[in-house]
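Student: from the sequence below, what's the structure:
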Amino acid sequence: MTTTDRRAALRTAAALTAAGTLAGCGATRAVTAPAAPPGSPPQAPRAFPHHPTQITHGPRTHPRIALTFHGQGDPTTARALLDEAERHGAHITVLAVGTWLDAHPALARRILDGGHDLGNHTQHHLDINSMPEAQAYAEITECAERLRSLTGSIGSWFRPSRAARASPLVETLARRAGYPHVLSYDVDSLDFTSPGAPAITRKVTTEIRNGSVVSLHFGYADTVAALPALLHELDRRGLRAVTTTELLT
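Tutor: Numbering: from 1, shown residues only. Modelled structure (predicted):
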């Protein structure tokens, strides 16, 4: 690539990021992200016939776990978490909120380019289980369209917002929207309560076992601070942090 080409690419990326910021929370227009580089095709929902529709954990027979992050909050914190995971050779799963993608569209490609899973955590992060059918379906499909416009795919997974598990209705709506499974978890870090990094590390490491799916969040400084110790403890136990897709494969 020539110097002129590199400058043009940088100007394009800056314009895309600015467009996403101007869109803000709740915006409805699609934002186009940079094209995927060779070798990183879009991820699409995959059915795992031997697993239930609502997945809380993977096989207990392999020393692997999935760290799953609710994608919302300060993008600087998100990038710090991604960088830390990659330094340790860990892959994670990010369930992104649609309005967050509107505000920070470049993060969708950043997540995929790091080898991580990217999925749907509804458009506005409201209590989806309490919504009427049409509103709940819109929450799923609007976020799916954000993901499609940014990556070419509706994402690998769907996780309900404001709930550990989807109601039967939301489970049905997720399947209708193209997601064969709803991703739950069996270990809740409670990092959103900001209990301090040691408490997060202690709760997760006390409860994880082979196949665990752990719920964590972008946007919390305690989570960033806890991640190095958590990954070190996983290494010490011989547990690999992999994407949810890898966990179930």
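
Student: ok, the nearest residue to Asp127 once chain neighbours are set aside - how many residues close by?
Tutor: The shortest distance from Asp127 to any non-neighbouring residue, by CB to CB, 6 or more residues apart in numbering, is to Arg162 (4.2 Å). (Each C-beta comes from the backbone N, C-alpha and C, glycine too.) Neighbour count of Arg162, defined by other CB atoms under 10 Å: 12.

Student: tell me who's in contact with Arg162.
Tutor: 125-129 (CB atoms under 8 Å, 6 or more residues apart in numbering).

Student: separation between the residue nearest in space to the middle of the chain and Leu101?
Tutor: By CA atoms, centre = their mean, the chain has its centre lying nearest to Val94, at 1.2 Å. For Val94, the distance to Leu101 (CB to CB, to the nearest Å) stands at 10 Å.

Student: helices and strands around the lengthiest strand in the chain, which ones?
Tutor: When the chain is parsed with DSSP state E, its longest strand is strand 64-71. The contact analysis (3 or more CB pairs under 8 Å, 6 or more residues apart in numbering; DSSP states H and E) places strand 64-71 against helix 75-87, strand 93-96, strand 213-217, strand 240-241, helix 244-248.

Student: point out the most buried one among those.
Tutor: Across the helices and strands packed on strand 64-71, averaging neighbours per residue (mean count of other CB atoms under 10 Å) puts strand 93-96 on top, at a mean of 28.

Student: may I see the buried residues of whichever helix or strand comes after that strand?
Tutor: Toward the C-terminus, strand 93-96 is succeeded by helix 98-103 as the next helix or strand (DSSP states H and E). Neighbour-count burial for helix 98-103 flags 98-103 (criterion: 16 or more other CB atoms under 10 Å).

Student: how about the residue nearest to the centre of the chain, what does it touch?
Tutor: Neighbour list for Val94: 68-69, 71, 111, 116-119, 218 [criterion: CB under 8 Å, 6+ apart].

Student: ok, now His217?
Tutor: Counted by CB under 8 Å, 6+ apart, His217 has contacts 69-70, 72-73, 189, 191-192, 223.
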